[in-house]
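1. dropping the sequence and predicted coords here.
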Amino acid sequence: MAKTQSIPLNLYKASAKKAELVRIPAQKFLMIDGTGDPNISKAFQEGVQALYSLAYGIKFGRKKRGEDWNYKIPPLEGLWWSEDMNNFMEGGDRSQWQWRLMLAEPDFVTKKEVSEAAKEAGERKKLPALPSVRFEKFAEGPAVQMMYVGPYSKEGPAIERLHAFAREAGYELSGKHHEIYLGDPRRSAPDKLKTILRQPVQKKK
């Protein structure tokens, strides 16, 4: 079977040399919310595990049924915020970080098959976070983005450049800071990690 892909892969590309203005269409996602330092949060790790277990369950469930399955599981994405945004500054309280982890799904995936895959995944393996995963559409709209290469802990200057680009282009920030993780910290050196930094924006009023 030839590889099919309804997830627009161009959404997972960005320039490392300059920021750009993009428009992100509505997509279907598996999502889970939580709070805490991602480096030590058990809930964060369990959330990642639940998302990938469900995503692969959906994919191979389709294969077993002879349906369209030969698509690529996309990179993990995260939305980040805090009631006090100073918590994201150096020395801030990382335990107060709030996050939404997301994996995009093809448009042809249905709520029914997500539910069936979740039931099967829960029967095969203990996945404490699985009941908290939901399946929703997310429409981000206009945003600025750029590729950042380096350790997650040193993203600050790149994020500041991204925000400055938005303001200079006549936009103001709106929505939650968005990251797309193209690298695997278990396999890549911190200075080689690639992350798309994305920030929703709206025209200045």
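-> Arrived safely. Numbers count the residues shown, from 1 in each chain.
2. what helix or strand is the most centrally placed residue in the chain on?
-> The centroid of the chain falls nearest to residue 77 when counting by CA atoms, centre = their mean (1.0 Å). Assessed by DSSP states H and E, residue 77 sits inside strand 76-81.
3. can you give me the pLDDT of residue 4?
-> The model reports residue 4 with a pLDDT of 55.
4. re the thing from before, tell me which helix or strand comes right after the strand holding residue 77.
-> Note on strand 76-81: by DSSP H and E, the next helix or strand toward the C-terminus is strand 98-105.
5. same for that next one, what does it pack against?
-> strand 27-35, helix 42-64, strand 76-81 (3 or more CB pairs under 8 Å, 6 or more residues apart in numbering; DSSP states H and E). (C-beta placed from N, C-alpha, C; glycine too.)
6. between the helix or strand just after it and strand 98-105, how big is the angle?
-> Once the chain leaves strand 98-105, the next helix or strand it forms, by DSSP H and E, is helix 111-124. Angular relation of helix 111-124 and strand 98-105 on a 0 to 180 degree scale: 110 degrees, by axes from the mean of the first three to the mean of the last three CA atoms, to 10 degrees.
7. return the distance of helix 111-124 from the chain's centre.
-> How far helix 111-124 lies from its chain's middle: 21 Å, per CA atoms, centre = their mean, to the nearest Å.
8. what of stretch 33-48?
-> For stretch 33-48, the distance to the chain centre is 14 Å (CA atoms, centre = their mean).
9. buried set for it?
-> For stretch 33-48, the neighbour count (16 or more other CB atoms under 10 Å) marks 34, 36, 38, 41, 43-44, 46-48 as buried.
10. appreciated, that's everything.
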